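Engineer: Okay, here's the prediction I keep looking at, along with the sequence it came from:
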Amino acid sequence: MLESVTSLDVEERQRLEPHDALETKMEVVGLDAWYSTKQALVDVNLNVRSNKVTAIIGPSGCGKSTLIRCLNRMHELVPGSRVTGSVLLDGKNIYGSDLDAVDVRRRVGMVFQKPNPFPNMSIADNVTAGLKLAGVKDESSMKEVERRTLERVGLWDEVKDDLKRSGASLSGGQQQRLCIARALAIEPEVLLMDEPCSALDPTATAKIEQLITSLKQTYTVVIVTHNMQQAARIADYTAFMYLGKLIEYDETTTLFENPRQELTERYITGKFG
Amino acid sequence: MKRRRSGADTAFKSMTLIFASSAVVLSLIYFFELYYGSTLTLKSGISFVTGSTWDPNNQVFGVLPMLYGSLVTSAIALIIGVPISLGVAIFLSEISPQVLRSPISFVVEMLAAVPSVIYGLWGLFVLAPILRTNVYPILESRLGFLPIFQGTIYGVSVLTAGIVLAIMIIPMVASISRDALLAVPDSQREAAYALGATRSEVIRMSVLSYARSGVFASIFLGFGRAFGETMAVTMLIGNTPLISASLLSPGYSLAALVASEFTEATTQVYISALIEAGLVLLVVSFIANVVARLLIRRLIRSREAASYL
């Protein structure tokens, strides 16, 4: 099984890419990533399509979270970590000299596994935290952004009378939607989501999934999930990773119904992982 | 088997309860001992705290200058010591490379183990002469228009005592704040980074805000240490019962008063007055602590973030 993974050559890899002519938003080229001496990603290549939801699936430790954290330069915050290769955002390398990490993270927002609102900030201040960092001071436009983004994530009606309350006073699902609102408030182009529903109950999960589907009109979404059904429900494209390598990447329906790699088939039919 | 285990459990519970209540019992004992020991002077009432004449020969006891000295030296210690301590804490938890972290922490904590008489000696023979010849004259000539930097320079002074106190509280404030900062989950830092925050913005927006109750606690512990510090202050403050606007003049503190005069206290009234000074010290520390806690709770509740406290 392992040999079949390591023997992927360039030609084969290209064959594993979906064949369509959609616009590319982000392009991962020959990406390797390390945690001190442990290599977490091996030569990953991936085209993220504009205004689509791309899911990354795979067993624990396959590198899916590392990959998504390389897309907005969060990986480099881990002491001893290292990245080689490139990630193009609208054709420009985010690891190149034209862009710095702060610019990249403003354009590529992120939502994390565990909801992490700032507990000492009100709901309203949580939403506008990124705007304040960007130097926005105008009160009325802040108010406007609070309302617009909270409506966008379906939280406005639930919290509009409590905007001064702490972000930590909300339920888990509400906190996660607040975190999505916080990420959307600075109007990123891409939204990365690292297992955003893994800490939530089924009702809250359903709300977030609905939200993700509606977000792709405006944003490009990349979501890491350990839940294959979730990927099948919400993603247009799905990438399967194993042991730090991208094994297969295709339209979601093709990948689930007609996988080209034996490894993918074994994983999606639950034979391992 | 089961019964024996629960028996041991009960014994363990009662043991910890006894240990925990011993703290309460001890503080009550301190309070009552001080209270009964000072009955002779307590009779004279509030003038003990409001009077500014300390004349044991004529049995006039007013500790206002000492109370003032204790408060002012503690305030100086916080003004100088807290920013430095926070700098140390932020460096250790957020900025320092991993290899430097434990050696620096070790040295900072070592400073806490230096006996206060050593700080006093160093202050008296090293720092005070430097301040007297090199620093205070400059302060006086540049900032002499301020009443706090006027008057004769002796070297020993309220400011000198405050500076040494600042150095003495740094290890405690720095290491408790560092622990509070290290306890901030990485998810909070990542939240700010993902919004495009720079490192200093991450520290301000997420780390310090999240850890603020721990940081405040460290500051109040530092105040308690400075307010009650005896030996170093006795050696550096000049032990003169005066209230002077100038920080360069000598002063006195409650703890220094008790420490330096108890050997001379030959009459019952004199002893009672010193014990009452101790009582004032205890009561003021207690009040400061309660007020601080209420302030923190109010600050936190006003933003309704008490959930994680």
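Structural biologist: Sure, I can see it.
Engineer: going forward, measure contacts and count neighbours with C-alpha atoms only.
Structural biologist: Fine.
Engineer: How much space separates the closest residue to A:Ile123 other than its chain neighbours from A:Trp156?
Structural biologist: Distances taken as C-alpha to C-alpha, 6 or more residues apart in numbering or on different chains place A:Gly167 nearest to A:Ile123, at 4.6 Å, with adjacent residues excluded. A:Gly167 sits 13 Å away from A:Trp156, going by C-alpha to C-alpha, to the nearest Å.
Engineer: of those two, who's got more company?
Structural biologist: Taking neighbours as other C-alpha atoms under 10 Å in any protein chain shown, A:Gly167 and A:Trp156 compare with A:Gly167 leading, 28 against 18.
Engineer: Compute the number of surrounding residues for the closest residue to chain B within chain A.
Structural biologist: For chain A and chain B, the shortest gap (C-alpha to the nearest C-alpha) falls at A:Val102, measuring 4.5 Å. A count of nearby residues for A:Val102, using other C-alpha under 10 Å, gives 17.
Engineer: wait, isn't it in contact with B:Glu201?
Structural biologist: No. A:Val102 lies out of contact with B:Glu201 (C-alpha atoms under 8 Å); the separation is 11.2 Å.
Engineer: ok so, going back, which residue lies closest in space to the residue of chain A closest to chain B, excluding its sequence neighbours?
Structural biologist: Using C-alpha to C-alpha, 6+ apart, the closest residue to A:Val102 is B:Gly196 (4.5 Å).
Engineer: ok, that neighbour - contacts?
Structural biologist: Neighbouring residues of B:Gly196 by C-alpha atoms under 8 Å, 6 or more residues apart in numbering or on different chains: A:101-106, A:130, A:133-134.
Engineer: Now, those that are in helices?
Structural biologist: Among these, the members found in helices (DSSP state H) are A:101-106, A:130, A:133.
Engineer: What subset of those residues is buried?
Structural biologist: A:101-102, A:104-106, A:130, A:133 (16 or more other C-alpha atoms under 10 Å in any protein chain shown).
Engineer: out of those residues, which one sits closest to A:Arg152?
Structural biologist: A:Gly130 (16.6 Å; C-alpha to C-alpha).
Engineer: Does anything pack onto the lowest-mean-pLDDT helix or strand in chain B? Which helices or strands?
Structural biologist: The least trusted helix or strand in chain B, going by mean pLDDT, DSSP states H and E, turns out to be helix B:268-302, with a mean of 84. The contact analysis (3 or more C-alpha pairs under 8 Å, 6 or more residues apart in numbering or on different chains; DSSP states H and E) places helix B:268-302 against helix B:2-37, helix B:39-42, helix B:212-228, helix B:254-261.
Engineer: what about the closest residue to chain A within the stretch 151-300 of chain B, distance to A:Val222?
Structural biologist: For the stretch 151-300 of chain B, the residue closest to chain A is B:Gly196, as judged by C-alpha to the nearest C-alpha, at 4.5 Å. Counting by C-alpha to C-alpha, the gap from B:Gly196 to A:Val222 is 18 Å.
Engineer: re the thing from before, looking at the helices and strands packed on helix B:268-302, which is closest to B:Glu94?
Structural biologist: For B:Glu94, the closest of those is helix B:212-228, at 14.7 Å, according to C-alpha to C-alpha.
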